[in-house]
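> Structural data only, the sequence is not supplied:
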């Protein structure tokens, strides 16, 4: 009996040595490696917070110019977004053409909404850098359509992720519960971005900087936490 116990202990010790050690530093490294857009956003938000906190900071460090450069770099990543959403749209269109069921129809609709959001970002990018003359009427309409699509897609995700919370056991699935809550908050914040885009295009509404900073910080913070949970 004692021999069996010793063998089992030895196996457990070997397994524990072979087990991968995960730290917050490793998770941060993975985040920085895989989340270029979020890294740019962190830099932009940090600059905006610095401008609010220190009014004369530009005299010590050109924060305004840094924010401008970061925004320009960030805006070029829209081409990656449109490439991803386009290929995903064609994938879902192909799946829907074969299956013709409710699930594939919903996924196709979601992919279409994602593409509309990225198309409006491309239109704004082209207009901003004066590559092609974009009609103001077209820009307004595509912004409203893109904002509405992003709002609807994010709101639906928030609802679906929230619904999953009720299926979880708080005592046995704490990590899963926390992860679901983070995803709900993330999608609520994203839906607010869609609503702001609609209001800006339709009514020339300019969202106050503190509100944008709060939403942006919420999205970035939950993106980081979401990435950490995925790697657990």
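All right, it came through fine. Model, not experiment: these values are computed from the prediction. Numbering: from 1, shown residues only.

> where exactly do the helices run in this structure?
Assigned by DSSP state H, the chain shows helices spanning 2-18, 24-34, 36-53, 57-60, 63-76, 78-99, 102-128, 136-165, 174-203, 209-230.

> Would you reformat these as a markdown table and include mean neighbour count and mean pLDDT?
Heads up, the C-betas are built off the backbone N, CA and C, glycines and all. Shown next, in a markdown table, are those (neighbours: other CB atoms under 10 Å; pLDDT from 0 to 100):
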| stretch | mean neighbour count | mean pLDDT |
| --- | --- | --- |
| helix 2-18 | 9 | 48 |
| helix 24-34 | 12 | 60 |
| helix 36-53 | 16 | 87 |
| helix 57-60 | 11 | 82 |
| helix 63-76 | 15 | 89 |
| helix 78-99 | 15 | 89 |
| helix 102-128 | 18 | 91 |
| helix 136-165 | 17 | 94 |
| helix 174-203 | 18 | 94 |
| helix 209-230 | 16 | 88 |
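
> roughly how far apart are residue 37 and residue 68?
17 Å (CB to CB, to the nearest Å).

> try residue 88
31 Å.

> try residue 191
For residue 191, the distance to residue 68 - CB to CB - is 28 Å.

> contacting residues for the closest residue to residue 162 other than its chain neighbours?
In this structure, residue 162 finds its nearest non-sequential neighbour in residue 184, 4.9 Å apart by CB to CB, 6 or more residues apart in numbering. Taking CB atoms under 8 Å, 6 or more residues apart in numbering, we find residue 184 in contact with 158, 161-162, 165.

> Check the residues you listed and tell me the two furthest apart.
158 and 165 (11.0 Å; CB to CB).

> Now for the spatially closest residue to residue 176 that is not a sequence neighbour, how many residues are close by?
Closest residue in space to residue 176, ignoring its immediate chain neighbours: residue 168 at 5.7 Å, by CB to CB, 6+ apart. Residue 168 is flanked by 16 other residues according to other CB atoms under 10 Å.

> wait, doesn't residue 168 sit right on residue 175?
No. In this structure residue 168 lies outside contact range of residue 175 using CB atoms under 8 Å: 10.0 Å.

> So residue 168 versus residue 162, what's the distance?
For residue 168, the distance to residue 162 - CB to CB - is 11 Å.

> Spit out the residues that contact these two alike.
residue 180.

> Spit out the contact partners of residue 121.
Here residue 121 is in contact with 78, 81-82, 146 (criterion: CB under 8 Å, 6+ apart).
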